[in-house]
Each structure stands twice: as structure tokens, then as C-alpha cells.
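J.: okay, sequence plus prediction incoming.
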Amino acid sequence: VKQVVIRCRLRDEESGPLVEEVWLEHRSFTTAQRKRHNAVTQPKEELFPKKAIRRFDVFAEYTRQERLKKGEPEDVAAGYGICLAKVVASRKFGAKPKESGAAKHYPEGEKFRYLDDEEQTDQVFDIDIVLRMGRDFYTDVFVPAIEKARDDGKSYEDIRDEIRADW
């Protein structure tokens, strides 16, 4: 470890020039350490979603995080989040799922729910939510924003419009 001395001259109008010494440690970083350091200390380019964020997206992610907190596996939580969001959205617009494939509870031996005879999986969540807004935006901006709102004790109703305003 080398020590580097940087001397700064500061000037105070009343008492004249002052000298302040600042001691910094200098060391060499490996490439991996430099990348981690830069990722933390240098601001990233601001990310925006590829398409407008919908209440549907917020509800699906909020529900996914609730299920994760209850101890469900990641894939099951994502499948449940997208399924419930679709059911709620269809009820809002007056449409009802077909009788044969309505959002059944887990069919015997299955880990995902079905909606209109389509299995609602984590892959459906990825296509309908993550890829629509962009994976980087989803991972770096959207998920942390929903997590923070949930940690602050806010309900879905509290954040559904507020959280989307800047995006």
C-alpha cells in the first residue's frame, strides 16, 4: 500500500492562505475489483422501460414479492403473480375466464395455475412483464422500487399510480 499526499491550498479571506493536507491510500485493483468498484461508485445511465409501465405490471410484481415473502419458490411466485394479475384485469373489464380453464387452484400434481387452459408460469411472467419493460430496467429499477415501497409498508393501492409516474 502506497500513501499519496495531496496538498490543497485553501484561502480564507479574513486570515489569509491555509494549507490542508489530505492523506489518501492508493492501491492497485484487479480487473474484477475495479468493475465492482465502478458499478457501486459511478452512476449508471438512467434506465427507462421499453414500454409504459401498467398497473397490471405493478400488481403482478407486488403479488410475486408477497408470495416470495410467504416462502414460495421464485418460479411459483412469478406464475401466481401473473395469473392473479390477469384474473383481476379480466374482472375489471367485465370479461370472465372460460369455465373449463378458469384460474383453478393447483391441479393435482401441478405447481402452476391455469387460466383459460394456459399454464401461468414464470416464463409467462418473463414474457408479459420482464421482457416488455426490459430486463435491465426490471432488475435495476422496477423490482427495487416495489421492494422499497413494500418495506415502507405501502399497499398496492398506495403505489399503483405513484410508482409509475416518473417512468
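T.: Received the coordinates, thanks.
J.: please enumerate the strands of the protein.
T.: Assigned by DSSP state E, the strands in the chain fall at 2-12, 16-26, 113-115, 118-120.
J.: so which residues of this structure form helices?
T.: Per DSSP state H, the chain carries helices over the ranges 31-41, 55-69, 74-92, 122-125, 131-133, 135-137, 143-151, 156-159.
J.: circling back to that earlier point, ranking the strands of the chain by mean pLDDT, which is last?
T.: Mean pLDDT values for the strands of the chain show the minimum at strand 16-26, a mean of 46.
J.: quick check, pLDDT for the spatially closest residue to Met133 that is not a sequence neighbour.
T.: Spatial nearest neighbour of Met133, chain neighbours left out: Pro49 (3.9 Å); criterion: C-beta to C-beta, 6 or more residues apart in numbering. Where you see a C-beta, it was placed from the backbone N, CA and C, and this is true even at glycine. Pro49 is assigned 95 on the pLDDT scale.
J.: and if you look at the one 3 residues further on?
T.: We have a pLDDT of 94 for Ala52.
J.: same deal with Ala77?
T.: Listed pLDDT for Ala77 reads 95.
J.: would you mind measuring from the residue nearest to Arg113 when sequence neighbours are not counted to Ala149?
T.: The shortest distance from Arg113 to any non-neighbouring residue, by C-beta to C-beta, 6+ apart, is to Cys83 (4.7 Å). Using C-beta to C-beta, to the nearest Å, Cys83 is found at 22 Å from Ala149.
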